[in-house]
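1. structure for this input, please:
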Amino acid sequence: NVSSLPADCAFGSSSSLSVDRRLLQILKPCPLSFEYRNYNIITSRCKGPSYPVSLCCSAFIQFACPFAAELNDLSNNCASTMFSYINLYGNYPPGLFSNECRGGVQGLECPAPSPSASPSSNAANTTS
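-> Down below sits the predicted model:
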């Protein structure tokens, strides 16, 4: 999150040299395609004008958790790509999900899958 970096990092202070190098790295393309995902889980629950945080964030978590490993990988552009498509298909205000639906220190926190959950239970989110 660029906004949480020290103010002097952009100016190359020696204490933030490693941060500067990370900012200058080019992100790898996302190995997932978010273009044709089914965003209905979000768009059917998260509706304006009020955009209820509990409904929007629970829908977001349900949509995004199958992709948590890729979304939490800071070396690729998966998170920004996914947010772009969510905002495109849902016509949401910028930052709605990234500001309201915060993960933990390690990124997106997802509930552990239930032992009875089958890989096909996420089929709606993975079909093209």
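2. hmm, Thr43 is touching Tyr89, no?
-> Yes: with contact defined as Cβ atoms under 8 Å, Thr43 counts as touching Tyr89 (6.3 Å). The way it works is simple: take the backbone N, C-alpha and C, and place the C-beta from them, glycine included.
3. pLDDT value on Gly95, please?
-> For Gly95, the pLDDT comes out at 84.
4. start the count at 44, not 1, going forward
-> Got it, the first residue is 44 from now on, which makes the last one we talked about Gly138.
5. against Ser76, how distant is it?
-> The spacing between Gly138 and Ser76, counted by Cβ to Cβ, to the nearest Å, is 23 Å.
6. and Asn119, by the same measure?
-> Relative to Ser76, Asn119 is positioned 13 Å away (Cβ to Cβ).
7. which of those two has more neighbours?
-> Asn119 (17 against 10; other Cβ atoms under 10 Å).
8. next one, pLDDT for the closest residue to the more buried one other than its chain neighbours please.
-> Leaving aside its sequence neighbours, Asn119 sits nearest to Lys71 (Cβ to Cβ, 6 or more residues apart in numbering; 4.5 Å). On pLDDT, Lys71 comes in at 92.
9. need the contact list for Leu139.
-> Cys89, Tyr94, Cys99, Asn130 (Cβ atoms under 8 Å, 6 or more residues apart in numbering).
10. hmm, I typed the wrong one, I wanted Leu98.
-> Arg88, Cys89.
11. what does it show for phi and psi?
-> Note on Leu98: its backbone torsions stand at phi -70, psi -40 [degrees, to the nearest 10].
12. roughly how far does it sit from Glu78?
-> Leu98 is 25 Å from Glu78, by Cβ to Cβ.
13. now the helix or strand containing Ser127: mean pLDDT?
-> If you go by DSSP states H and E, Ser127 is part of helix 121-133. Mean per-residue pLDDT for helix 121-133: 92.
14. Asn130 contacts Thr124, doesn't it?
-> No: applying Cβ under 8 Å, one finds Asn130 not in contact with Thr124, separated by 11.1 Å.
15. neighbour count: those two, which is higher?
-> Per other Cβ under 10 Å, whichever of Asn130 and Thr124 has more neighbours is Thr124, with 19 against 16.
16. and the residue lying closest to Gly146 once chain neighbours are set aside, what's its pLDDT?
-> Of all residues not flanking Gly146 in the chain, Glu152 sits nearest, at 5.1 Å (Cβ to Cβ, 6+ apart). Each residue has a pLDDT score; the one for Glu152 is 73.
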